[in-house]
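Novice: from the sequence below, what's the structure:
(one chain, ligands or ions: 1)
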Amino acid sequence: MNDQAGCPVDPAQLAVAVFMHDIGMAFLPVEILHKRDPYTEEERWLLHSHPLVGVELLGRMPRWRPASDMVFQHHERSDGSGYPQGLGDEEICDGAKILGIVESFDARTQERAHRTLTKRPFIRAVLEINNCSGQLFSERWVQVFNDTVRTCTGRKRKPCTEPATPPNSDGVTVAPPGSGRWRPGRLFRLQLAKALVQLA
Ligand SMILES: [Fe+2]
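Specialist: Next comes the predicted model:
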């Protein structure tokens with residue numbers, strides 16, 4: 001997304017923030033990570049404190065101050081409903097806005113230990129991110145997210161010489177183990193194109 005937007009965020013700082021933003025989750029009690037019932041006040045506080053661990057670690061290295069800010073703000077939301085400070089759209093740095101969208105998208109498309117969300121098909125996750133545009137997520141960065149999805153799944157991808165893999169029930173073609181690449185299937189691309197046309 002940062003590349004797509006012309007790199008307004010220092011790529012090195014963003015990369016460090018990506019690696020560090022959820023390091024605090026590793027220090028949470030495993031019972032919280034796997035809990036299905038509603039959180040108690042104390043558990044919610046613990047969960048909401050997870051960005052502070054990354055901030056604490058990065059705070060020891062002044063060079064990574066911008067990355068630290070991104071980590072600190074990655075659960076802030078444009079409408080002020082996020083945490084830990086309840087910042088508004090103007091106050092949240094671009095790196096944190098990118099992280100917020102990407103983390104939320106990842107939570108929707110991957111199985112997660114703490115299961116705050118159940119796994120969705122790729123296209124549904126794209127639509128859900130768009131439904132939160134201007135509320136949870138910045139309108140500008142949701143637009144960049146859409147452009148990035150188009151670029152990653154569209155006609156610009158390089159010709160692939162690897163053997164074709166049939167799409168799964170979601171229309172998604174999963175790359176063979178070890179290939180390190182994900183390729184959208186034809187059905188998936190058609191569905192995505194329709195969804196993005198509706199959003200345009
Ligand atoms: Fe997080």
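
Novice: can you tell me the closest non-neighbouring residue to residue 39?
Specialist: residue 47 (6.5 Å; Cβ to Cβ, 6 or more residues apart in numbering). Every C-beta, even on glycine, is put in place using the N, C-alpha and C of the backbone.

Novice: name the element the one you found belongs to?
Specialist: Using DSSP states H and E, residue 47 sits within helix 41-48.

Novice: that helix: which residues count as buried?
Specialist: 43, 46-47 (16 or more other Cβ atoms under 10 Å).

Novice: contacts made by it with the rest, please.
Specialist: Residues outside helix 41-48 that contact it (Cβ atoms under 8 Å, 6 or more residues apart in numbering) are 28-29, 32, 35, 39, 75, 83-84, 114.

Novice: most widely separated two among those residues?
Specialist: Using Cβ to Cβ, the contacts of helix 41-48 span at most 20.6 Å, a distance reached by 35 and 84.

Novice: what segments of the protein are helices?
Specialist: Using DSSP state H, the helices of the chain run over residues 11-20, 30-34, 41-48, 50-58, 65-73, 94-109, 122-131, 139-153, 186-199.

Novice: can those helices go into TSV with extra columns for distance to residue 5 and mean pLDDT?
Specialist: Below are the helices of the chain laid out as TSV (distance: least, Cβ to Cβ, whole Å; pLDDT from 0 to 100):
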stretch	distance to residue 5	mean pLDDT
helix 11-20	11	96
helix 30-34	33	87
helix 41-48	28	93
helix 50-58	23	95
helix 65-73	15	97
helix 94-109	8	94
helix 122-131	16	92
helix 139-153	5	94
helix 186-199	18	59
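
Novice: just the buried residues of helix 41-48 now: which is nearest residue 15?
Specialist: Of all these, residue 47 has the smallest distance to residue 15: 24.9 Å, by Cβ to Cβ.

Novice: could you find the closest non-adjacent residue to the residue nearest in space to the middle of the chain?
Specialist: Per Cα atoms, centre = their mean, the C-alpha nearest to the average position across the chain is that of residue 102, at 1.5 Å. Excluding its sequence neighbours, the residue lying closest to residue 102 (Cβ to Cβ, 6+ apart) is residue 1, at 7.0 Å.

Novice: ok, the one you found touching residue 143?
Specialist: No - with contact defined as Cβ atoms under 8 Å, residue 1 does not reach residue 143; the gap is 10.1 Å.

Novice: who has more neighbours out of these two?
Specialist: The residue with more neighbours, out of residue 1 and residue 143, is residue 1; 21 against 15, by other Cβ atoms under 10 Å.

Novice: so how far is residue 41 from the more buried one?
Specialist: Counting by Cβ to Cβ, to the nearest Å, the gap between residue 1 and residue 41 amounts to 35 Å.

Novice: highest mean neighbour count out of the helices of the chain?
Specialist: helix 65-73 (a mean of 23; mean count of other Cβ atoms under 10 Å).
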